[in-house]
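A.B. asks: Provide a 3D model corresponding to the input given below.
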Amino acid sequence: MTDRQSPPERELNHAGSVVDKAIEYMIGQELSELAIASALLGGAMGLLTRSLPDAVVVQILQNAIESIESGEMHAASGQDKTGQA
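C.D. replies: Purely as a prediction, here's the structure:
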């Protein structure tokens, strides 16, 4: 049995590609970025809460908050903290 908390890189890359295609499709349907991101986040949170203990989900969220506050997420997207490229 594989450890579902740390998927193999190949599986993670495949899942990421599928999500990227879904995002491209939704953009093509002229959905707003906020609607797309909110739906993806809600779906991800639902999946996480079904498969992980609450404390682990909270830690994942805390890590995400820290990444945003440190500017790491903006640096990864090529934007500054104001959302400007």
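A.B. asks: Run through the helices of the chain in chain order.
C.D. replies: Taking DSSP state H, the helices of the chain run over residues 9-28, 33-51, 54-70, 72-77.
A.B. asks: May I have the predicted confidence score for the most centrally placed residue in the chain?
C.D. replies: Central residue of the chain (C-alpha atoms, centre = their mean): Leu41, 6.4 Å from the mean position. On the pLDDT scale, Leu41 is placed at 96.
A.B. asks: got the domain boundaries for the chain?
C.D. replies: 1-52, 53-85 (automatic domain parsing).
A.B. asks: and those domains, which one's lowest on average pLDDT?
C.D. replies: domain 53-85 - the lowest mean pLDDT of the domains of the chain, at a mean of 83.
A.B. asks: Tell me how many other residues crowd Lys21.
C.D. replies: Lys21 has 10 neighbours, counted by other C-beta atoms under 10 Å. For every residue, glycine as well, the C-beta is placed using N, CA and C.
A.B. asks: what's the distance between His74 and Ser67?
C.D. replies: Computed as C-beta to C-beta, to the nearest Å, the His74 to Ser67 distance reads 9 Å.
A.B. asks: Now for the two: what residues contact both?
C.D. replies: In terms of C-beta atoms under 8 Å, 6 or more residues apart in numbering, His74 and Ser67 are not both contacted by any residue.
A.B. asks: Leu12: neighbour count?
C.D. replies: Using other C-beta under 10 Å: Leu12 sits among 11 other residues.
A.B. asks: ditto for Pro7
C.D. replies: The tally of other residues near Pro7 (other C-beta under 10 Å) stands at 13.
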